[in-house]
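Trainee: Build me a model from this:
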Amino acid sequence: MTNDPKLIAITSGKGGTGKSSISYGIGYTLAKQGNRTLIIELDFGLRCLDIMFGMEGTVKFDLGNVLKNNMQVLDAVSRVPGVSNLEILCAPKDPFMKVTAEQVVNICRGVRKYYDFIIIDTGAGISSHVFDIVEQANLILVVTTPDPICIRDATMMSDEFYQRGNKRQRLIINKVSEEVIKSKMIQNLDEIIDAVGIQLLGVIPDDMMLKEATGKGKKLPVEAPSLEAFDAISKRLTGEQVPLVIK
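Mentor: Now for the predicted structure:
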């Protein structure tokens, strides 16, 4: 893939890290900053982007239509209401449908001239299938939470990418709260960064407003603590020199 547009894969070694919520937040803020953005949902068993963006029941077509070769990608995408620069391509309704890395590459190549950013929300887990797809990206965002199990899985995933010669990785730490730090499961965020071994891109607070917005399909409130973090991450992805937001 070329560097125009920037193809970003958001992945994790374990389910439950909030990978789709991060795809939602980064996609939303990139679009609000004026970037033409497409989110492609590949987590077939846990299709949720339509719910998160308040589009449940209104998405007529999805990735399944494209994979069956009966529809062009641009005809299958759905525009997010109220966000003119953001479109989504939902996962198929059939959770057992298969997609290959070659198919993902062809889909992205076919529409890349229409977007500034294409975000791939991958399935969770450490498998050759996930690695083959994620390796096509210009940038890999590895997501973990402060949970020791998630940290170990993120480390294993990152190590595998390095063994494959892929250094285009950045770390996002999600669901961070004072309670987690006080619990002594980890000493501090530096411990996570050192364990995983890749450069930190952003820290997302454990935010009930984000959970409510994505669960009810409503717009993320401007006062939501996570919105500032997503905004900073998106600006860094576009090359702006902004400080990390850690609260």
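Trainee: When you work out contacts or count neighbours from here on, use the C-alpha atoms and nothing else.
Mentor: Fine.
Trainee: now the end-to-end length of stretch 112-132.
Mentor: 20 Å (Cα to Cα, to the nearest Å).
Trainee: For the protein, give me the ranges with low pLDDT.
Mentor: Applying pLDDT under 70 to the chain flags residues 1-5, 124-129, 184, 245-247.
Trainee: Quick check: longest helix in this structure by residues?
Mentor: helix 148-163 (DSSP state H).
Trainee: angle of the helix or strand following it against helix 148-163?
Mentor: Next helix or strand after helix 148-163 toward the C-terminus (DSSP states H and E): strand 169-176. Angle, strand 169-176 to helix 148-163, by axes from the mean of the first three to the mean of the last three Cα atoms, to 10 degrees: 170 degrees.
Trainee: And whichever helix or strand comes after strand 169-176, what does it pack against?
Mentor: The element immediately downstream of strand 169-176 (helix or strand, assigned by DSSP H and E) is helix 178-182. Helix 178-182 sits against no helix or strand, with contacts defined as 3 or more Cα pairs under 8 Å, 6 or more residues apart in numbering; DSSP states H and E.
Trainee: List the contacts of helix 178-182.
Mentor: 146, 186, 187, 188 (Cα atoms under 8 Å, 6 or more residues apart in numbering).
Trainee: contact partners of the longest helix of the chain?
Mentor: Helix 148-163 has contacts (Cα under 8 Å, 6+ apart) with 12-14, 17, 126, 131, 135, 142-145, 167, 169, 185-186, 192, 195-198.
Trainee: Of the contacts of helix 178-182, select the buried ones using a ChimeraX command.
Mentor: This is how ChimeraX selects the buried members of those, with burial counted by 16 or more other Cα atoms under 10 Å:
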select :146
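Trainee: Report the two members of the contacts of helix 178-182 separated by the largest distance.
Mentor: Taking Cα to Cα, the two most distant members of the contacts of helix 178-182 are 146 and 187; they sit 9.9 Å apart.
Trainee: are any of the contacts of helix 148-163 buried, and which?
Mentor: Neighbour counting over those (16+ other Cα under 10 Å) leaves 12-14, 17, 126, 131, 135, 142-145, 169, 192, 196-198 as the buried ones.
Trainee: circling back to that earlier point, helices - which of the contacts of helix 148-163 land there?
Mentor: Short answer: the contacts of helix 148-163 in helices (DSSP H) are 131, 192, 195, 196.
Trainee: List just the nearest of the residues you listed to residue 48.
Mentor: residue 131 (21.8 Å).
Trainee: Can you add distance to residue 159 and give the contacts of helix 178-182 back as CSV?
Mentor: Formatted as CSV, the contacts of helix 178-182 follow (distance: Cα to Cα, whole Å):
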residue, distance to residue 159
146, 18
186, 21
187, 22
188, 22
